[in-house]
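1. Sequence below, structure please.
(2 chains)
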There are 2 protein chains.
Amino acid sequence: MIRTHGAGTLRAADAGQSVVLAGWVARRRDHGGVAFVDLRDATGVAQVVIRDEILAAGGAHDLRNEYCIAVNGVVELRPEGNANPDLPTGEIEVAATSIEVLNPSAPLPFQIDERVTVGEEARLKYRYLDLRRPAPAAAIRLRSKVNQAARSVLLDRDFIEIETPTLTRSTPEGARDFLVPARLKPGSWYALPQSPQLFKQLLMVAGMERYFQIARCYRDEDFRADRQPEFTQLDIEMSFVDQDDIIELGEALATAIWALIGYQVTTPFSRITYADAMERYGTDKPDLRFETEITDLTGFFAETQFRVFQADYVGAVVMPGGASQPRRTFDAWQEFAKQRGHRGLAYVTYAEDGTLGGPVAKNISETERAGLAAAVSAQPGDCVFFAAGARRGAQALLGATRLEIGRRCGLIDQSQWSFVWVVDAPLFEPASEAVAAGDVAVGSGAWTAVHHAFTSPKPESLDTFDTDPGSALAYAYDLVCNGNEIGGGSIRIHRRDIQERVFAVMGLSAEEAQSKFGFLLDAFQFGAPPHGGIAFGWDRICALLSGSDSIRDVIAFPKSGGGVDPLTDAPAPITAAQRKEAGVDAKPAS
Amino acid sequence: MIRTHGAGTLRAADAGQSVVLAGWVARRRDHGGVAFVDLRDATGVAQVVIRDEILAAGGAHDLRNEYCIAVNGVVELRPEGNANPDLPTGEIEVAATSIEVLNPSAPLPFQIDERVTVGEEARLKYRYLDLRRPAPAAAIRLRSKVNQAARSVLLDRDFIEIETPTLTRSTPEGARDFLVPARLKPGSWYALPQSPQLFKQLLMVAGMERYFQIARCYRDEDFRADRQPEFTQLDIEMSFVDQDDIIELGEALATAIWALIGYQVTTPFSRITYADAMERYGTDKPDLRFETEITDLTGFFAETQFRVFQADYVGAVVMPGGASQPRRTFDAWQEFAKQRGHRGLAYVTYAEDGTLGGPVAKNISETERAGLAAAVSAQPGDCVFFAAGARRGAQALLGATRLEIGRRCGLIDQSQWSFVWVVDAPLFEPASEAVAAGDVAVGSGAWTAVHHAFTSPKPESLDTFDTDPGSALAYAYDLVCNGNEIGGGSIRIHRRDIQERVFAVMGLSAEEAQSKFGFLLDAFQFGAPPHGGIAFGWDRICALLSGSDSIRDVIAFPKSGGGVDPLTDAPAPITAAQRKEAGVDAKPAS
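-> Here you go, the predicted model:
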């Protein structure tokens, strides 16, 4: 090693010690023929004192920020009164006896300083400079610790870490596949896996019983909202288990992981059914850090004369103190609803004197006006927001409104961590809804899987899921933290006949099923064990733990919008020769 | 959990205990109205005794091998004299009180039995059955332990585990890239990384100082000799280090990993220069489990009249007792040489009575005949094989001959592990040789890098590597175990000017260098630290440890020849719609 000590490890007890440090110039001040240099390395920062003649001898007169240097010197206590209590090394400084410039630095595109705000494009283009800043570096370091904490839990429970292929066959899990031409089999293509789903199930058939992998996954989506084309999940599968076993394991993992940031998780986490979550919070990933709930007013308005509320569903959510919002804020709420595909957001203000205001108040009956506050538990000064229409859509708008209320009214305790398992989701949803949401349907049927095609129906739905797909429940469980889905899994189908029936509901003919999934159906014939698993969104979990707004902050080299890496400028055009050689234009052998 | 105990964990002390087991029928024998079933799970095997009426009650009369079952029962000591000392559970059996068939099994394509030989194509097509056999399962389980042992060493030394992108830009490292069309940037393509080389170097520029990753890598090669299109390496990079630091780390890793199979590695490993390895063993990955060396006879034959030996180089290797090989064996040796691109393999037999035989003996002079045995240290009864011609080519033939001698004469102690570092390799080789060997040259120059373009010249070659590329030494080190290269690394270039000079030697113009590697050259300008690293071939190491002949045995779902997965049948044709959507045929925006 070029160095003998980490700069950040030096303490008063090291005084008198000869040391060699190596790192970067974080700051240089000159005073009276002496340069005071903050030398930064991975362990921290120490002050190095370099007399001008030593600078000169090392050819380092032009020493600037981010020069990479090695310094020989002696640790000394700082002069009386000069100690810096804010710095772990603040009691000492290193008196340099020689300096070597290992590599100079050109002028920086931005300062390596927590306090400087830098645009994301510049941060990503110069990610190697961005990562020299404390917070970005800490996020990457924390992620490494998260990996180890999770592995430790899993290895203690006899899990086996197994790598699954990434040059594989398309597995339809709701998104587009990335494709790779196979030069040696012209006209054929590999797909990059959306998850190791089928391989981990095959490992259960293989008798591995307990599998895990921190797995790279790929989805060719439109990079909406903080998605990355490649992302990472902690992927787990177990045999001979029931839902409670996986849930217990998930809680053990969360406990170990949140302990890394000093938070003691309380287990067991509460559970809520999908139906309940939609009714009460208008979302399948409720943020339970605040109590506000949606009120179902369908019955309350059953006899209403107000056309807008003559709907399948009417619901409301209350904004505490919301009556006093200015007119332009109510206009903004309309915009908020329109951006979510709704016509607007009906509301009634409930003034301090008890009178109701806003456009809706005039349209509802005297009785409705009189009973409303009690029905929604509104207090004088509150505002009541309404949504009416198809149940799920209206609830979703109320759910979004609830969240926005939580933010605007400061109802969310940012220091709190709220975990909840969402269970008993529907097994199927209308394929039209999935496609509208940008997903890829597996078959041509009217129904598609909410989780994926390999999720088992709950035992009570086993006989009826194909005759009444809309009512069937999935044997699935999602883990939600502060309104983010951070994990999801299910008990899987392990019998060929049930898997075939599920495929049939999704509109896959027996031939299509055999052609696309024959290897899985075949595997189920050879004593496939009951099994289930879960996958945790590793980028999201690391972002939550590090207090990052975006998963990009916990990825060493993330893509920006459009899937471009501003650093390497990938993706890039290929040459005609590459194209030819890769067999891109070959037709498959027939 | 469906089960209460692992089958393989039951012991005599458990007698009297009620248990639930779940697993697979490994064997069934019927005797006197009772079925004796070997029940296998991940922990081992236990004998379960099931009376016919209990079988019938569980609908399990047709119980066959590989049925997946759950059994309720009571642990009992086996009757006097019936214990099986070969089985950890051999003192007990489980008297079943009920049985449930969790999933039946169709007739098997091959028996789940160590003793049955199965063709590889069938093993891979039914990999989920193959992995139920003890040896294939053990190899996968061992691999998981190897991961943990390596991580433990690295984490103890403050390394950070960091994931690097796999949808990235082509990095020329000697092979073809796999390509991925970028739908959102039509006409542009990602490349799958041949290694994380450039990203790990950028992480050093970022000040991460100690990086590791068990990384998936991709090379689109012709699947010669036990290669896989996707493979795994333990990838490591450190800042502020010298060669000795990386070598010490590599030895610590080998020590921890080989301890998993109960082998105590002796460190430090010996080191040999590339030149020495070629001279003495005819290869840059010498198998040092046996001592046989090549003798340089160029001087000895300096004045020879024998035309074949009037060459730049003449060398020989001795086969103990080889004089008595039958004529057809000597013919086979000629074939052996021809397959390696040589005209034949000259030889002289040295009979027990001291006379020399074989075609060459007649062609060399009396003096040469008289001195030969002493020159090569041959004993009566030995055979001396010769190669003459261009030095490296002739040495390579002698190296292959040496290995074959080692095998045929039983000189190789199969229980031994021999580690050696090969250092001081050439920095460059003629580009024509690399291309002839199937590699892809980075530039259009006469020279290309032996390791890769980012390897630093040794300090003594820094001034002259571009004026005399053929003599320059690389600051590189390869770890060889029993003749297999299991790791390789180098101290990297960290200065822009040196990197530019290396690119220039390889025939990259300044414009090409900036266009392909501008991001790296730019990064070097901002105080890039001195750094170096290493990558270990994880598949090969796991194969060695598990005693596997092929890396396919330590990959859960390997590809067979031609890059095909016989299980999923990947790669597969894509539809016209997929092709269109992926933007395969788009021309790049100009």
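2. thought residue A:103 was touching residue A:64?
-> No - the criterion here is Cβ atoms under 8 Å, and residue A:103 misses it with residue A:64 at 12.0 Å. Bear in mind the C-beta positions are built from the backbone N, C-alpha and C, glycine included.
3. Mind checking which of those two has more residues around it?
-> Here residue A:103 and residue A:64 are compared on neighbour count by other Cβ atoms under 10 Å in any protein chain shown; more neighbours surround residue A:103, at 20 against 14.
4. partners of that one in the sheet?
-> Assessed by DSSP bridges, residue A:103 has beta-bridge partners residue A:68.
5. mind checking pLDDT for it?
-> Looking at residue A:103, its pLDDT stands at 98.
6. now residue A:66
-> At residue A:66, pLDDT is 98.
7. Just give the number of residues close to it.
-> What residue A:66 shows, counting by other Cβ under 10 Å, is a neighbour count of 23.
8. for residue A:310, same thing?
-> 13.
9. Identify the residues contacting the closest residue to it other than its chain neighbours.
-> Leaving aside its sequence neighbours, residue A:310 sits nearest to residue A:304 (Cβ to Cβ, 6 or more residues apart in numbering or on different chains; 6.3 Å). Counting by Cβ atoms under 8 Å, 6 or more residues apart in numbering or on different chains, residue A:304 makes contact with A:310, A:364-365, A:368.
10. mind listing what whichever residue of the stretch 251-400 of chain A sits closest to chain B touches?
-> Closest approach between the stretch 251-400 of chain A and chain B, counting by Cβ to the nearest Cβ: residue A:260, at 13.7 Å. Contacts for residue A:260 (Cβ under 8 Å, 6+ apart) come out as A:142, A:145-146, A:149, A:545.
11. ok, and the most crowded of these?
-> In the contacts of residue A:260, the most neighbours by other Cβ under 10 Å go to residue A:146, 25 neighbours.
12. Am I right that that one falls within a strand?
-> No - judged by DSSP: H, G, I helix; E, B strand; the rest coil, residue A:146 forms no part of a strand; its state is helix.
13. my guess is it contacts residue A:541, does it?
-> Yes - Residue A:146 lies in contact with residue A:541 (Cβ under 8 Å); the separation is 6.9 Å.
14. For the two, list the residues in contact with both.
-> residue A:257.
15. Now, of the contacts of residue A:304, which are buried?
-> Among the contacts of residue A:304, those classed as buried by 16 or more other Cβ atoms under 10 Å in any protein chain shown are A:364, A:368.
16. Flag every buried residue along the helix or strand of chain A with the lowest mean pLDDT.
-> Of all helical and strand segments in chain A, the minimum by mean pLDDT, DSSP states H and E falls on helix A:431-436, at a mean of 78. Buried residues in helix A:431-436, defined by neighbour count with 16+ other Cβ under 10 Å: A:431, A:434.
17. got any ranges where chain A has weak pLDDT?
-> Applying pLDDT under 70 to chain A flags residues A:171-173, A:223-225, A:588-590.
18. Show me how it divides into domains.
-> A:12-103, A:118-271+A:529-582, A:290-412, A:426-473+A:495-528 (the TED database).
19. could I get those domains as JSON lines with distance to residue B:92?
-> Compiled in JSON lines, the domains of chain A are given as follows (distance: least, Cβ to Cβ, whole Å):
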{"stretch": "domain A:12-103", "distance to residue B:92": "55"}
{"stretch": "domain A:118-271+A:529-582", "distance to residue B:92": "21"}
{"stretch": "domain A:290-412", "distance to residue B:92": "55"}
{"stretch": "domain A:426-473+A:495-528", "distance to residue B:92": "24"}
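20. most neighbours per residue, which of those domains?
-> Among those, domain A:118-271+A:529-582 has the highest mean neighbour count (mean count of other Cβ atoms under 10 Å in any protein chain shown), at a mean of 20.
21. Off-centre distance for it?
-> With Cα atoms, centre = their mean, to the nearest Å as the basis, domain A:118-271+A:529-582 stands 10 Å off its chain's centre.
22. Quick one: residues contacting residue A:237.
-> A:200-201, A:203-204, A:210-212, A:531-533.
23. The same query, at a cut-off of 10 Å, please.
-> A:159, A:162, A:196-197, A:199-204, A:208-213, A:246, A:489, A:492, A:531-535 (Cβ atoms under 10 Å, 6 or more residues apart in numbering or on different chains).
24. And for residue A:51?
-> Contacts of residue A:51 (Cβ under 10 Å, 6+ apart): A:32-35, A:57, A:95-97.
25. So which of those sit within strands?
-> A:34-35, A:95-97 (DSSP state E).
26. Using TSV, please lay out those together with distance to chain B.
-> Output for the ones in strands among the contacts of residue A:51, formatted as TSV (distance: Cβ to the nearest Cβ, whole Å):
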residue	distance to chain B
A:34	22
A:35	16
A:95	21
A:96	17
A:97	19
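27. does residue A:428 really touch residue A:464, like I thought?
-> No - taking Cβ atoms under 10 Å as the definition, residue A:428 is not a contact partner of residue A:464, at 12.0 Å.
28. who touches the most far-flung residue of chain A relative to its centre in this structure?
-> Most distant from the centre of chain A: residue A:53, at 53.0 Å, with distances by Cα atoms, centre = their mean. By Cβ under 10 Å, 6+ apart, the contact list for residue A:53 reads residue A:33.
29. Could you check how far the host helix or strand of it is from the centre of its chain?
-> Here residue A:53 is covered by helix A:52-57, with elements defined by DSSP states H and E. On the basis of Cα atoms, centre = their mean, helix A:52-57 sits 51 Å off its chain's mean C-alpha point.
30. Need the CA coordinates for that helix. PDB is fine.
-> Included here for helix A:52-57 are C-alpha records, laid out as PDB according to Å, rounded to 0.1, in the frame of the first residue of the first chain:
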ATOM      1  CA  ASP A  52       6.100  26.000   1.000                       C
ATOM      2  CA  GLU A  53       9.500  24.500   0.600                       C
ATOM      3  CA  ILE A  54       8.100  21.000   0.900                       C
ATOM      4  CA  LEU A  55       5.400  21.900  -1.600                       C
ATOM      5  CA  ALA A  56       8.100  23.100  -3.900                       C
ATOM      6  CA  ALA A  57      10.300  20.000  -3.400                       C
END
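31. Dihedrals phi and psi, residue A:331?
-> Phi and psi for residue A:331, reported as degrees, to the nearest 10, are phi -60, psi -40.
32. State the distance from it to residue A:347.
-> As for residue A:331, its distance to residue A:347 is 11 Å (criterion: Cβ to Cβ, to the nearest Å).
33. what sits in contact with each of those two?
-> With Cβ under 10 Å, 6+ apart, residue A:331 and residue A:347 have common neighbours residue A:325.
34. Which parts of the stretch 251-400 of chain A are strands?
-> Here the stretch 251-400 of chain A has its strands, by DSSP state E, counting those that start in this stretch, at A:270-273, A:295-296, A:313-319, A:346-350, A:356-357, A:383-389.
35. Including distance to residue A:481, could the ones you listed go into CSV?
-> Formatted as CSV, the strands of the stretch 251-400 of chain A follow (distance: least, Cβ to Cβ, whole Å):
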stretch, distance to residue A:481
strand A:270-273, 12
strand A:295-296, 26
strand A:313-319, 22
strand A:346-350, 30
strand A:356-357, 38
strand A:383-389, 26
